[in-house]
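> sequence and predicted structure are below.
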Amino acid sequence: MEMPDNPLIAAAYERLYHETPLGFYNCGRLCDGLCCRGDCKGMWLYPGEEEFFTNREGFEVCETEGNYGYPMVICSGECKREERPLACRIFPLFPLVFEENEKISIKVIYDPRAKICPLARADKPLDRSFIREVGKTARFLARDEKMLEYMKAVSLELTEIIELEKLLTTE
């Protein structure tokens, strides 16, 4: 398995290599690749991932206006499962990161942007070991200042989406 040159990203990939809801089954076959089939539908890259996907066969790095300055990666829908980006490896989850009194807290949630994912809509919850590993990996990544700032920014955005959804469904 080829790994990124960035040691932080490589370690995160390794941690999540065997922890996945469907093993090495291509989850894109469940939904016809809704999150990865192009037309600016892809997975946001975390800090340090862009270099791994630039000029890599089967992937296209796409600059976007979102994601706090980091690009998106689009795959053909048939990528090598062991070479997926972090966002794909943890989908449909996201580790919300909060900082209070200089203490970092992480809560793994279903990403509100993941409503397209059959795994997020399934009657059966995701495996607890997968959820735990997403949290452990997030705590590991949060030790890096750039990664922590990125995850806090995305967490704030997702929290706002969740609050807006609550407002819209209670009225």
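Noted; the coordinates are in hand. Numbering: from 1, shown residues only.

> rest of the way, CA atoms for contacts and neighbours
OK.

> can you give me the strands for the chain?
43-44, 59-62, 72-75, 93-100, 103-110 (DSSP state E).

> which strands and helices lie in contact with the first one?
Strand 43-44 sits against strand 72-75, helix 86-90, with contacts defined as 3 or more Cα pairs under 8 Å, 6 or more residues apart in numbering; DSSP states H and E.

> most tightly packed of the ones you listed?
strand 72-75 (a mean of 25; mean count of other Cα atoms under 10 Å).

> in CSV: the strands of the chain, plus mean pLDDT.
Output for these, formatted as CSV (pLDDT from 0 to 100):
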stretch, mean pLDDT
strand 43-44, 88
strand 59-62, 89
strand 72-75, 88
strand 93-100, 92
strand 103-110, 93
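
> ignoring the adjacent residues along the chain, who's closest to V73?
V61 (4.5 Å; Cα to Cα, 6 or more residues apart in numbering).

> for E2, see how far away that neighbour is.
Distance of V61 to E2, computed by Cα to Cα, to the nearest Å: 18 Å.

> more neighbours: these two, which one.
The neighbour comparison of V61 against E2 (other Cα atoms under 10 Å) goes to V61, with 22 against 8.

> tell me where this structure has helices.
7-16, 28-31, 50-53, 86-90, 118-121, 128-141, 145-170 (DSSP state H).

> distance between the fourth one and the chain's centre?
Okay, so that is helix 86-90. Relative to its parent chain, helix 86-90 has a centroid offset of 4 Å by Cα atoms, centre = their mean, to the nearest Å.

> who's in contact with that helix?
Helix 86-90 has contacts (Cα atoms under 8 Å, 6 or more residues apart in numbering) with A12, Y13, L16, T20, M43, W44, L45, Y46, V134.

> so where's this protein shaky on pLDDT?
1, 21-40, 118-120, 122, 171 (pLDDT under 70).

> neighbours of E82, how many?
Number of residues near E82 (other Cα under 10 Å) recorded here: 16.

> pretty sure it is touching E19, no?
No - applying Cα atoms under 8 Å as the test, E82 and E19 come out as separate, 11.3 Å apart.

> format the helices and strands packed on strand 43-44 as a markdown table; extra columns: distance to D111.
What follows is the helices and strands packed on strand 43-44, written out as a markdown table (distance: least, Cα to Cα, whole Å):
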| stretch | distance to D111 |
| --- | --- |
| strand 72-75 | 17 |
| helix 86-90 | 10 |
